[in-house]
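Engineer: Here's my sequence, what's the structure:
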Amino acid sequence: MKTIKILPTILIATIAFCFIQCTEMAKKDTTTNDDSTTETNTMVPHLPKATFVNWVTAWKADGVTYTDSTLLEFFTMSDGDLTAILNESGVDSARFYLGLDTSIIPNEPHLMVVGVDSNGNDMLDYTKGQYAYDLTKPCPSYCTGGYGYPKNPKK
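Structural biologist: Numbering: from 1, shown residues only. Alright, predicted model coming up:
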């Protein structure tokens with residue numbers, strides 16, 4: 001039972017650490033063209049809105065049950081993906097949502113991200129190109145290289 005109370009704290013600390021590190025990288029990861037304007041990669045694939053809503057709703061309904069039976073340890077996310085999101089027009093920060101894909105067995109958790117404007121509002125308007133993204137891999141199932149797991153082989 002103590003694991004369940006500690007899990008949200010570990011998850012929040014991990015997300016905060018990743019966000020701080022990626023925000024710093026986003027500030028450094030811009031290039032300029034001949035016109036001295038900033039260019040960023042905004043070609044990050046987005047998540048269909050219905051999937052985002054379904055997964056968030058499922059997490060709210062079944063997340064506690066999932067964590068009662070499975071120790072969710074961490075999520076892995078590419079720094080380039082988060083940098084691209086933070087560099088989108090109007091994005092002041094990012095907000096992470098937990099979701100649960102119940103269409104597969106075993107169910108799979110997701111850590112989804114949306115841009116947040118300077119007023120603290122989600123930028124989630126698909127008609128304006130403001131999307132939710134699922135760019136993470138959860139442990140379990142994708143644990144290789146994480147603390148206490150075998151390292152990824154050298155490429």
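
Engineer: tell me the contacts of residue 91?
Structural biologist: Applying Cβ atoms under 8 Å, 6 or more residues apart in numbering, one finds that residue 91 lies in contact with 85, 115-117, 123. Glycine gets a C-beta too; all of them are placed from N, C-alpha and C.

Engineer: my bad, should have said residue 55
Structural biologist: By Cβ under 8 Å, 6+ apart, residue 55 lies in contact with 97, 99-101, 110, 112, 134.

Engineer: one step back: now for the contacts of residue 91: which two are most distant?
Structural biologist: Greatest spacing in these, by Cβ to Cβ: 85 and 117 (12.9 Å).

Engineer: neighbour-wise, which of these two wins?
Structural biologist: The residue with more neighbours, out of residue 85 and residue 117, is residue 85; 23 against 13, by other Cβ atoms under 10 Å.

Engineer: Please verify my assumption that that one contacts residue 133.
Structural biologist: Yes. Residue 85 is within contact range of residue 133, at 6.2 Å (criterion: Cβ atoms under 8 Å).

Engineer: tell me the strands in the chain, going along the chain?
Structural biologist: If DSSP state E is used as the criterion, the strands of the chain fall at 31-32, 38-39, 74-77, 93-101, 108-116, 122-123, 132-134, 136-139.

Engineer: Throw these into CSV and include distance to residue 57, mean pLDDT and mean neighbour count, thanks.
Structural biologist: Supplementary listing: the strands of the chain in CSV, determined by distance: least, Cβ to Cβ, whole Å; pLDDT from 0 to 100; neighbours: other Cβ atoms under 10 Å:
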stretch, distance to residue 57, mean pLDDT, mean neighbour count
strand 31-32, 39, 33, 9
strand 38-39, 37, 32, 10
strand 74-77, 19, 88, 19
strand 93-101, 8, 94, 19
strand 108-116, 12, 94, 22
strand 122-123, 15, 95, 18
strand 132-134, 13, 91, 22
strand 136-139, 18, 88, 19
